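Trainee: this one's sequence-less:
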């Protein structure tokens, strides 16, 4: 495996491909952050599927598999899909989700129709066309990577130039509007940037899975940071690493298509982040369990103290059963008592009785200062 | 029509009908994109079940696939419930992952079997007539017609058994739970039904175009009726017509059948969206224009009426200045003249008795 990896990095063709995958990662990580923050993740899904008829049409019209016409065709049909979604949702009672489902499936269906039509055109060139479905990074040549790089730089430049405007658009578009920014044009600009990222990924990841390349890195990055800047940088790095790893895996094992390999890598990172980041699923559960334990302990301590005060003796012992009686159903008083005992706040008297130690009395007065006055 | 063509259309009709029935509820519940998630995720179930039983015609495949559809939905909801990821992004990270795993398994370990990455996307309804159900030597027709037919029956049974539960929980979930209908249970049952439908339709039209058959016919119907029952009925009709005409278009151009069906669905929707009597784009535009004209006429008449009675601003002697353009103003004047509600004398506008009458009724009505 190591030998293979070294071979991959020293080989010129392989370097070209990996460079392409990495730049794709950087761009889709950055751009995807906006899609996710604006709750437009599925628009990316629709746009990437909707690019298919544009790709095939560009091929049919131009007759060759040239990068630039295919990029333009893909971008145009993706934008057309978004335009139609807006047209339908703003002029009828059809909701966004249905409009998106319709646009996605109709455009993709048209793409397949055109694809099967194009495959009948007698031309050796068309063989590579269905690589756009699941992507094949091996087919990348230097010129492709150059186009990817230029398009990507354009997208990154736009994001850099409109950094604070885009931030406004994501978090408070109404406020942005009152400050005099045209939110509508910014919205268009973000869409254009997303489209360019999708177009870049067509060859490597393919139309079917490109949306995930936008969504997953941003979701992963969002789990680790609350700052826009670090989120964008983190998402770009996650996507770049996944892109390179996925391409390497796909090249290293036989019959593994590139797109799915990249998506599995990036998804694994996303799921790991959701589960284990500092605010992640398990971390939160762990924190919750800890604070529930603390609350129960405090409750038992206070109950013991209240009962003891009835006898005008803070150190008066009470039975465990009496404590359990006043507690909620299913609440294990014994467990809290032994935790308190370990902390030195209570001590056992006889078989079943417990009383507060001086340390425990001090602790309960610290917990609720009002107790002092009683 | 050759027997093959007949068989293909038969399967297509059954597929379209069984997709349209649960589709109506998905559209109303704003869960159309869940179809996307289900139809992609079932592939993993199919592939895993295939590795387990090594038999493509086994019913275990269908059950495995439907289970993975429901699993995907639960996973999406779990991710969403953790509140760490928004709803749309939860959908967007779960199903591509499951789908990618399935595609990798498929291309790596199942290369020469019947299912491949191409049929996943393109569907293979063209091969439906070749896989026949033969019982004790008797040819009973294409097998997929029976599989899909059972799924259609299942869908119809589900809808008719739980019609009112589905209806209430679709339109008012909190009311449904307050009268003891358990909307969560209904939700998961519906998801299971959609999964089964996707599995069945998957063979015929592939994983992405099944969305077209589930979402588009109900959307067409939604623009034409306000009754749930009629919406389901219309969806089925739209679905079947799109499937049949899609087949003939594909036949004519010699292209992929499933893609052509999806495209024809889109054309159907476009026509309904433009031409639907009340909710079509043209209808809405006509109504808007009518209202604008009506309002402009009334404004002009009222303004003239006020001038007659002497409590109008003196600067606008003929009230034309109140409109956004001179063109529009002369259009309004022209219309009113035709109706005989105003008259022009010496470049000035005057109300006729008819016009005065209209003002009185308009003002009184408001």
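Mentor: Yep, that arrived. Since this is a predicted model, take the numbers as computed values, not measurements. Numbers count the residues shown, from 1 in each chain, chains lettered A, B, ... in the order given.

Trainee: got a list of contacts for stretch B:186-194?
Mentor: B:22, B:25-26, B:29, B:34-35, B:38, B:66, B:69-70, B:73, B:154-155, B:158, B:162, B:165-166, B:169, B:176, B:214 (Cβ atoms under 8 Å, 6 or more residues apart in numbering or on different chains). For the C-beta atoms, the positions are set from N, CA and C on the backbone; glycine is no exception.

Trainee: buried set for it?
Mentor: Neighbour-count burial for stretch B:186-194 flags B:186, B:187, B:189, B:190, B:191, B:192, B:193, B:194 (criterion: 16 or more other Cβ atoms under 10 Å in any protein chain shown).

Trainee: stretch B:67-82 too?
Mentor: Those would be B:67-73, B:75-77, B:79-80, B:82, for stretch B:67-82 by 16+ other Cβ under 10 Å.

Trainee: for residue A:352, list the residues it contacts.
Mentor: So residue A:352 contacts A:319, A:320, A:321 (Cβ under 8 Å, 6+ apart).

Trainee: you'd agree the first one is up against residue A:355?
Mentor: No: with contact defined as Cβ atoms under 8 Å, residue A:319 does not reach residue A:355; the gap is 10.6 Å.

Trainee: more neighbours, those two?
Mentor: residue A:355 (19 against 15; other Cβ atoms under 10 Å in any protein chain shown).

Trainee: ok, so what distance separates the more buried one from chain B?
Mentor: Between residue A:355 and chain B the computed distance is 43 Å (Cβ to the nearest Cβ, to the nearest Å).

Trainee: tell me, how many residues neighbour the spatially closest residue to that residue that is not a sequence neighbour?
Mentor: Closest residue in space to residue A:355, ignoring its immediate chain neighbours: residue A:317 at 3.8 Å, by Cβ to Cβ, 6 or more residues apart in numbering or on different chains. By the measure other Cβ under 10 Å, the count of residues near residue A:317 is 19.

Trainee: buried sites along stretch B:172-191?
Mentor: Here stretch B:172-191 shows B:173, B:176, B:181, B:183, B:186, B:187, B:189, B:190, B:191 as buried, counting by 16+ other Cβ under 10 Å.

Trainee: check contacts around the third one.
Mentor: When the contact criterion is Cβ under 8 Å, 6+ apart, the partners of residue B:181 are B:165, B:168, B:169.

Trainee: which secondary structure element is home to residue 149?
Mentor: Assuming you mean chain A. helix A:142-161 (DSSP states H and E).

Trainee: chain B, not that one
Mentor: helix B:143-161.

Trainee: buried set for that helix?
Mentor: Going by 16+ other Cβ under 10 Å, helix B:143-161 has these buried residues: B:143-145, B:147-152, B:154-155, B:158-159.

Trainee: report the mean confidence score over it.
Mentor: Averaging pLDDT along helix B:143-161 yields 91.

Trainee: mind jotting down where the strands sit in the stretch 1-150 of chain A?
Mentor: Using DSSP state E, counting those that start in this stretch, no strands are found in the stretch 1-150 of chain A.

Trainee: closest residue of it to chain B?
Mentor: Closest to chain B within the stretch 1-150 of chain A is residue A:109: 2.6 Å, counting by Cβ to the nearest Cβ.

Trainee: residues near residue A:227, how many?
Mentor: 9.

Trainee: distance of it from chain B?
Mentor: Counting by Cβ to the nearest Cβ - residue A:227 and chain B are separated by 17 Å.

Trainee: distance of that residue from residue A:214?
Mentor: Counting by Cβ to Cβ, to the nearest Å, the gap from residue A:227 to residue A:214 is 20 Å.

Trainee: let me know the closest of the buried residues of stretch B:172-191 to residue B:206.
Mentor: Each of the buried residues of stretch B:172-191 was scored against residue B:206 by Cβ to Cβ, and residue B:191 proved nearest at 20.5 Å.

Trainee: tell me the first helix or strand C-terminal of the one helix or strand residue B:165 maps to.
Mentor: Residue B:165 is part of helix B:163-171 when elements are defined by DSSP H and E. Using DSSP H and E, the helix or strand that follows helix B:163-171 towards the C-terminus is helix B:173-178.

Trainee: quick one: pLDDT of the residue in chain B that chain A sits nearest to?
Mentor: Across chain B, the shortest distance to chain A (Cβ to the nearest Cβ) belongs to residue B:262, at 2.6 Å. Note for residue B:262: predicted pLDDT of 93.

Trainee: ok, the closest residue in space to it that isn't next to it in sequence - how many residues close by?
Mentor: Excluding its sequence neighbours, the residue lying closest to residue B:262 (Cβ to Cβ, 6+ apart) is residue A:109, at 2.6 Å. Residues lying near residue A:109 (other Cβ under 10 Å) number 31.

Trainee: repeat that for the one 4 residues further on.
Mentor: Residues within reach of residue A:113, counting by other Cβ under 10 Å, total 26.

Trainee: secondary structure element for the residue nearest to it when sequence neighbours are not counted?
Mentor: Among residues not flanking residue A:113 along the chain, residue B:259 sits closest, at 4.1 Å (Cβ to Cβ, 6+ apart). Residue B:259 is part of helix B:257-275 when elements are defined by DSSP H and E.

Trainee: alright, calling it a day.
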